[in-house]
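# Next input, structure requested:
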Amino acid sequence: MESRFATPTQMRESVFFDGAEAPARYSRFWMLLVLSAIIASAGVVADSTAAVIGAMIVAPLLGPIQGTMLATVLGDRRNLVRSLLLVVAGAAVAIAIGFVIGLLVAGDVVAATNSQVAGRVSPRLIDLLAALGTGVVGSVALVRRDISDTLPGVAIAISLVPPLTVVGLTLESGAVGEALGALLLFVTNVVAIIATGIVVMSIYGVNKLAAIGATEGTHRASLRKPVALLAVMLVIIGLPLTLTSVQIGSKAIIEAAVHQEVDAWLANTEWRLEGIDFTGTEVTVTAEGPLPLPDTNDLEALLVARGVDADLVTVVLIPVYEVELGG
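Numbers count the residues shown, from 1 in each chain. Purely as a prediction, here's the structure:
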């Protein structure tokens, strides 16, 4: 009866770019990477979730990332360097494609006007948690052959190429801060995949199995240094993710408070709230309705009572004139 667990040799064949099949694997990788980057860029520009999901399925970056993880576990320095270079080169190409497509698009592709960009430029701790969970599933699928059919789901869950194309698009639009946020999301996912992969491989004893049938150029790896390095990287990544999570949480609390007080302020008038926008720490409230204008002093008193700094709030009132023709 065939074992449901993959051998170290079978895992090597799944993720390493060496041996007689290396040329075919390289051509497949670059073809799929370029196509996935084009699809992702077009999907982001068009604000199409379906196109972006399609790009996630096509994207081949998960392979060399898992190759980096497996090479670390096996102590295979040659494939470790090869896989790392492939990840870096692939990321650079995806960013470049996003930048070029940004040049062909009229207008800026930024978070303020595009939901696909907005969802990828402010990563939070919850994104790290999702990446860790997805990394575990992907690593288990590499070890257990009977659940390898979950890999398409892993490709969708782990966001790799779309954030890279967002980096290129936002850089072309001049939004460097948003580009760094999208790059942080990509790095978070890569580190999570490698970290969880090493843990999963250790649980399954892959490094011990590989040491039994070690070939020339490989040795049983000590995982102390890689684990320590990854732990430091997770802490470093966790700091900006924590800061972003706190900022988003604070923003949500302030927005809810402002929304409630504006609704109360306009409750007995014919004016209606059109929107509440945040720019950094400043809040802009937009409302429209017929004359006379509502008294903003009342709103200021309500906001101060809720602990909101009124100096950071700007109210835009748009008078609406209705004229009945033919009267």
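# mind checking how far stretch 117-125 is from the chain centre?
Remark: stretch 117-125 is offset 6 Å from the chain centroid, using Cα atoms, centre = their mean, to the nearest Å.
# ah, wrong one, I meant stretch 14-22
28 Å.
# For it, measure first residue to last.
One end of stretch 14-22 sits 11 Å from the other (Cα to Cα, to the nearest Å).
# can I assume residue 319 is in contact with residue 291?
Yes - with contact defined as Cβ atoms under 8 Å, residue 319 and residue 291 form a contacting pair (5.5 Å). (Glycine included, C-beta is placed from N, CA and C.)
# what's the burial count for residue 119?
Neighbour count of residue 119, defined by other Cβ atoms under 10 Å: 20.
# for residue 194, same thing?
24.
# I'd like to know how far it sits from residue 254.
Applying Cβ to Cβ, to the nearest Å, the value for residue 194 to residue 254 is 37 Å.
# same thing with residue 287?
18 Å.
# And residue 233, by the same measure?
Residue 233 is 32 Å from residue 254, by Cβ to Cβ.
# out of those two, which sits in the busier spot?
When residue 233 and residue 254 are compared for neighbours, residue 254 comes out ahead with 21 against 17, by other Cβ under 10 Å.
# Contact partners for the more buried one?
With contacts defined as Cβ atoms under 8 Å, 6 or more residues apart in numbering, residue 254 is in contact with 283, 308.
# Now do the SS call for it.
helix (DSSP: H, G, I helix; E, B strand; the rest coil).
# swap in residue 314?
Residue 314 - assigned by three-state DSSP - is strand.
# Repeat that for residue 276.
Assignment for residue 276 (three-state DSSP): strand.
# Quick check: bridge partners of it?
Note on residue 276: beta-bridge partners by DSSP bridges are residue 285.
# That one contacts residue 256, doesn't it?
No - in this structure residue 276 lies outside contact range of residue 256 using Cβ under 8 Å: 9.8 Å.
# neighbour count winner among those two?
residue 276 (17 against 12).
# so what's that one up against?
Residue 276 neighbours (Cβ under 8 Å, 6+ apart): 255, 258, 259, 262, 283, 284, 285, 286.
# Would you mind putting those into a markdown table with pLDDT and neighbour count alongside?
Below are these laid out as a markdown table (pLDDT from 0 to 100; neighbours: other Cβ atoms under 10 Å):
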| residue | pLDDT | neighbour count |
| --- | --- | --- |
| 255 | 85 | 14 |
| 258 | 89 | 22 |
| 259 | 89 | 13 |
| 262 | 91 | 21 |
| 283 | 87 | 22 |
| 284 | 89 | 14 |
| 285 | 91 | 22 |
| 286 | 92 | 15 |
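# helices and strands of this structure: which one has the lowest mean pLDDT?
Ranked by mean pLDDT, DSSP states H and E, the weakest helix or strand in the chain is helix 206-212, scoring a mean of 58.
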